[in-house]
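Peer 1: could you look at this predicted model? Sequence included:
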Amino acid sequence: MARGQQKLQSQAKAAEKMAKQKKQQGHNANEQKKAALKALVFVCTVCKAQMPDPKTYKQHFENKHPKNELPDELKNVCP
Ligand SMILES: [Zn+2]
């Protein structure tokens, strides 16, 4: 009996752990979305300057850091 109970307990623990992880992941995604909506600020990965929008950021990047590779988030920005 003890064995069966242990198995059940460990299963319950595993399920609890997974639920927690899921919750945390969802939470993080929401926080990131919220932060992006709230700030609407892009920070240059090279000089840490803040830009109000991706277009400005891209222009800044191309002007100031032409030797650096464009960050992924700017590759989709149309000029
Ligand atoms: Zn910069």
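Peer 2: Received, thanks. Please read these numbers as outputs of a predicted model, since none were measured by experiment.

Peer 1: all contacts plus neighbour counts: C-alpha atoms, from now on.
Peer 2: OK.

Peer 1: which stretches in this protein count as strands?
Peer 2: 42-43, 50-51 (DSSP state E).

Peer 1: mean neighbour count, those strands: which tops it?
Peer 2: Of all these, strand 42-43 has the most neighbours on average by mean count of other Cα atoms under 10 Å, namely a mean of 16.

Peer 1: other SSEs contacting that one?
Peer 2: strand 50-51, helix 54-64 (3 or more Cα pairs under 8 Å, 6 or more residues apart in numbering; DSSP states H and E).

Peer 1: report whether the longest one contacts the ion.
Peer 2: No: in this structure, helix 54-64 remains apart from the ion according to Cα under 5 Å from the ion; the gap is never smaller than 5.6 Å.

Peer 1: quick one: contacts of that helix?
Peer 2: Taking contacts as Cα atoms under 8 Å, 6 or more residues apart in numbering, the residues outside helix 54-64 that touch it are 42-44, 50-51, 70, 74, 77-79.

Peer 1: list just the nearest of those residues to the ion.
Peer 2: C44 (4.7 Å; Cα to the ion).

Peer 1: need the contact list for the spatially closest residue to the closest one that is not a sequence neighbour.
Peer 2: Sequence neighbours aside, Q50 is the residue nearest to C44 in space, at 6.2 Å (criterion: Cα to Cα, 6 or more residues apart in numbering). Contacts here follow Cα under 8 Å, 6+ apart; on that basis Q50 touches 41-44, 57.
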